[in-house]
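[1] coords please:
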Amino acid sequence: MFKIWLAGFLDADGSVGLSKRGKLDYQRRPEVEFYNCDARLLQSIIDVYGGKIVKRTYSNPKWNDSYSLRYEGDKALQICIDCHPYMRHSKKHQRAKLIAEEYKAVTPRNGRYTEEMLEKRRDLNRRVMDIQMRGAGAY
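    Numbering: from 1, shown residues only. Model prediction:
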């Protein structure tokens, strides 16, 4: 039941993608981030996956404080695996599914890539990041 709730929360107040890591174009890793003005909701996620909430305050007194919770690497991959079957946001679902189903297959544990592996990794990076969340072609 928690995975279904988390998928809905990710659909509404989260992001899924591959964050840049290092200077090389293929060095991207899974990243999942949640945002909300109620830290208790984010605490529910921490209770299962761990992590740390970051508070963002604003100078305008009319604005609420907001909180974010970010996961990278294996934790983000696990969240994609757990949530993608239940996600409804078309673009986020597509990104999470690609990451969950293909990321490990194109990422060697020792970090040593053959040319063929590099090409597959670059292809996955391109397909995930080509799924636009904003602007023309997003919906």
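[2] what segments of the protein are helices?
    With DSSP state H applied, the chain shows helices at 2-13, 39-49, 74-83, 90-102, 115-129, listed in chain order.
[3] closest one to Ser68 among the ones you listed?
    Minimum separation from Ser68 across the helices of the chain (CB to CB) falls at helix 39-49, 7.8 Å. Placement of C-beta: from N, CA and C, glycine included.
[4] elements contacting that closest one?
    When contacts are defined as 3 or more CB pairs under 8 Å, 6 or more residues apart in numbering; DSSP states H and E, helix 39-49 packs onto helix 2-13, strand 28-36, strand 66-72, helix 74-83.
[5] to Arg122, which of those lies closest?
    Comparison of the helices and strands packed on helix 39-49 against Arg122 by CB to CB identifies strand 28-36 as nearest, at 9.5 Å.
[6] can you list the strands that the closest one pairs with?
    strand 14-20 (antiparallel), strand 66-72 (antiparallel) (DSSP bridges).
[7] picking up where we left off before, can you redo the helices and strands packed on helix 39-49 as a markdown table with mean pLDDT?
    What follows is these, written out as a markdown table (pLDDT from 0 to 100):
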| stretch | mean pLDDT |
| --- | --- |
| helix 2-13 | 96 |
| strand 28-36 | 95 |
| strand 66-72 | 96 |
| helix 74-83 | 97 |
